[in-house]
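**Student:** Kindly return the folded structure for what I paste below:
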Amino acid sequence: MTVKTNLSRLGMLLVAACLLSGCAATKRRSPKQVQEGRTIRNNCYSLLHQLLEQEKHVSLLRFIKDEKSDVNALIRRISAAAAAGAQLLEGYAAEDDSISLDDTWLPPGESATRESIAASTRSELLHESGREFELRLLITQTQALNYGANLSKVAAENESQVSRSRSLLKLSGELQGLNQDVLRILLSRGN
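**Tutor:** Next up, the predicted model:
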């Protein structure tokens, strides 16, 4: 064999070894990028925690409103998932003082708009009944679950701890799955 052939084989072996061992080139992040990632992570954690805290109480509507058993069961699952997700984030914040759950900074117009939407939604849910109530409730849930799934995903992308990132992606998948369940019920009610 020629030296050229040996070098070629050695190069291929090195590439194969690198691919198999996962030694792809890692992208170094500047201190500014690390800080930006932490800021995004904390903002996502805070907004997600705020959402989950609200969602964990959605099943309390059953005490003042009636919904069909399939909707009731799904709303209870959503509440349980939200409570578990909120507890997960609180655990992260308790173990890592760089995590803040009250970093919900939003522009004033966005905050005012969110408060307006929440007030009108509460009013609509309290004044509707029967099929209209169920449909409105399910629509609010699909919006909340989609938002929560994406907040979880973005938080995971900006989380430096691998185990926390995986847990956040799992939470995102769970919220997406619940959203699919809500959409199935909504579609079934359309017939």
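**Student:** Scan the helices and strands of the chain for the one with the lowest mean pLDDT.
**Tutor:** Sorting the helices and strands of the chain by mean pLDDT, DSSP states H and E puts helix 3-21 at the bottom, at a mean of 48.
**Student:** which residues make contact with the very next helix or strand once past that one from outside it?
**Tutor:** For helix 3-21, the succeeding helix or strand toward the C-terminus, using DSSP states H and E, is helix 31-55. Helix 31-55 is touched from outside by 29, 78-79, 82-83, 85-86, 89-90, 92-93, 98-105, 144, 147-148, 151-152, 154-155, 158-160, with contacts defined as CB atoms under 8 Å, 6 or more residues apart in numbering. All C-beta atoms are positioned from the backbone trio N, CA, C, and that covers glycine.
**Student:** Selecting buried members of those in PyMOL, what would you type?
**Tutor:** In PyMOL, selecting the buried portion of the contacts of helix 31-55, with burial taken from 16 or more other CB atoms under 10 Å, looks like this:
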select buried, resi 78+79+82+83+85+86+89+92+93+99+100+101+104+144+148+151+152+154+155+158+159
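**Student:** Which is the succeeding secondary structure element to the helix or strand hosting Thr113?
**Tutor:** Taking DSSP H and E as the definition, one finds Thr113 inside helix 108-127. For helix 108-127, the succeeding helix or strand toward the C-terminus, using DSSP H and E, is helix 130-157.
**Student:** helices or strands up against that following helix?
**Tutor:** Contact here means 3 or more CB pairs under 8 Å, 6 or more residues apart in numbering; DSSP states H and E; on that basis helix 130-157 packs against helix 31-55, helix 69-95, helix 108-127, helix 162-189.
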